[in-house]
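Undergrad: What shape does this take:
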Amino acid sequence: MTDNETNETECPSNWSHQVDDGCWHRTIRHNDNVLTVFQAAPLVWKDEREGKPMPVEGLDFDKEREILSDSLIDARKVGAKIDLCFETATTEALVACLETNRSAALHFSCHGYPEGLCFEDGAGGTHWVDSKVLSEIMATVGGNLRFVFVSACCSRAAGEAFTNAGVEHVVCCEKDQKLMDEATIKFSASFYRTLARGEELHTAFERGQLAVKSCAFIADAEAEMRKFLLLPEHSDHNVSVFHHSSSMRQTINDVDSFVKANLIIPHPPDHFFG
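TA: Reported below is the predicted structural model:
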């Protein structure tokens, strides 16, 4: 190498260059250790054939909150603090989250269908959000998402909407497959616990699969395990989702305010349906 040559390599996404040691170092943003959880629990969906509302099967969000909180506590053991922000899954809330760059990691918990996801409409009903709409939201608003977990049945189309928009890592479910509640619980707990300890995404995904496969209470556990997908396929997922550093022990006040605000159940809208 001559004096005029430099040892430059392509900068990985979300990283910055430090001149002093000539290495690439990850850029730490205020939202790197924030996981925003969008939960949708519509009360009814409208049957167009009969013209009347039909009840929607409820999801155990209390259990999910407990699992996510308990799993991410392990981050403190390795010098990190991961904040959870819970939101009602509406398209308006998603756009607001993306516009403010509040979080680089999202978790969706809702019902899914082969073409998209079931959000809430703000009045107790179901808002059917197909993958094309998700793609349009991402294309218009963007944000700096690098990880999305779509915890919903038949969610591959939704997952691909995020990867097509540039999200580098997405966990979802096969397009024509329903997920068992127990499998989702086992996978999520092991997956997030592994991420919280600072291990790589691919390792966390495999640990989640193993938790499903080894569960005594899941029928045909291996088949259930294979319903979970890590997209894009054949991409490098040997990366950490959350940043681990002693400096991350400090409280992020603005994020904490989001968490507290979202633990308060809002008043129903004037035209509440249900």
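Undergrad: The nearest residue to A165 once chain neighbours are set aside is in what secondary structure piece?
TA: Nearest residue to A165 in three dimensions, chain neighbours excluded: M138, at 3.4 Å (C-beta to C-beta, 6 or more residues apart in numbering). Yep, even glycine has a C-beta here, placed from its N, CA and C like the rest. Counting by DSSP states H and E, the element that carries M138 is helix 131-141.
Undergrad: Tell me which residues are up against the following helix or strand past that helix.
TA: Moving toward the C-terminus from helix 131-141, the next helix or strand (DSSP H and E) is strand 147-151. Contact with strand 147-151 is made by 64, 104-110, 112, 117, 158-159, 162, 167-173, 179, 184, 188, 191, 201, 241, as judged by C-beta atoms under 8 Å, 6 or more residues apart in numbering.
Undergrad: about what we covered before: quick check: angle from the helix holding M138 to strand 147-151?
TA: 150 degrees (axes from the mean of the first three to the mean of the last three C-alpha atoms, to 10 degrees).
Undergrad: which outside residues touch helix 131-141?
TA: By C-beta under 8 Å, 6+ apart, helix 131-141 touches 91, 94-95, 98-99, 115-117, 145, 157-158, 160-162, 164-167.
Undergrad: mind listing which of those are in strands?
TA: 116-117 (DSSP state E).
Undergrad: Just the buried ones from the contacts of helix 131-141?
TA: 91, 94, 98, 116-117, 145, 157-158, 160-162, 164-165, 167 (16 or more other C-beta atoms under 10 Å).
Undergrad: between the residues you listed, which is closest to A41?
TA: Of all those, L117 has the smallest distance to A41: 12.9 Å, by C-beta to C-beta.
Undergrad: Look up the pLDDT of the closest one for me, please.
TA: Looking at L117, its pLDDT is 98.
Undergrad: Tell me the secondary structure at the residue nearest to the spatial centre of the chain.
TA: Closest residue to the average C-alpha location of the chain: H107 at 2.3 Å, with C-alpha atoms, centre = their mean. Under DSSP: H, G, I helix; E, B strand; the rest coil, the three-state class of H107 is strand.
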